[in-house]
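Enquirer: I need the structure of the sequence given here:
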Amino acid sequence: MPERIVSDASILGGTPVIKGTRIPVYLVLDYLADGYSVGDILSDFPYLTAEDISAALEYASQLAREPAPISP
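Expert: As a prediction, the model looks like this:
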């Protein structure tokens, strides 16, 4: 997991968030999927950095590489 992404049971029930915030990774990814630019996201969340957004993408990429569970 990139060092900028943390998961702590006491923060949003363990949902992965950007370190030092309560902003879940999925929210950043949703913004990107909806067509927002990095600049748009940084404008809406000025305490984030471009590196935080890159870390969210890297985290999602790592998850996508994991094999999907086999359904019965």
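Enquirer: For I53, see how far away the nearest residue to I5 once chain neighbours are set aside is.
Expert: Excluding the flanking residues, the one nearest I5 by CB to CB, 6 or more residues apart in numbering is Y59, at 4.8 Å. No exception for glycine: its C-beta is placed from N, CA and C like everyone else's. According to CB to CB, to the nearest Å, Y59 stands 11 Å off from I53.
Enquirer: number of nearby residues for the residue nearest to I5?
Expert: Using other CB atoms under 10 Å, Y59 has 20 other residues around it.
Enquirer: okay but it is in contact with V17, surely?
Expert: No. Counting by CB atoms under 8 Å, V17 is not a contact partner of Y59; they are 10.5 Å apart.
Enquirer: Overlap of the contact sets of these two?
Expert: Residues touching both Y59 and V17 (CB atoms under 8 Å, 6 or more residues apart in numbering): 5, 25.
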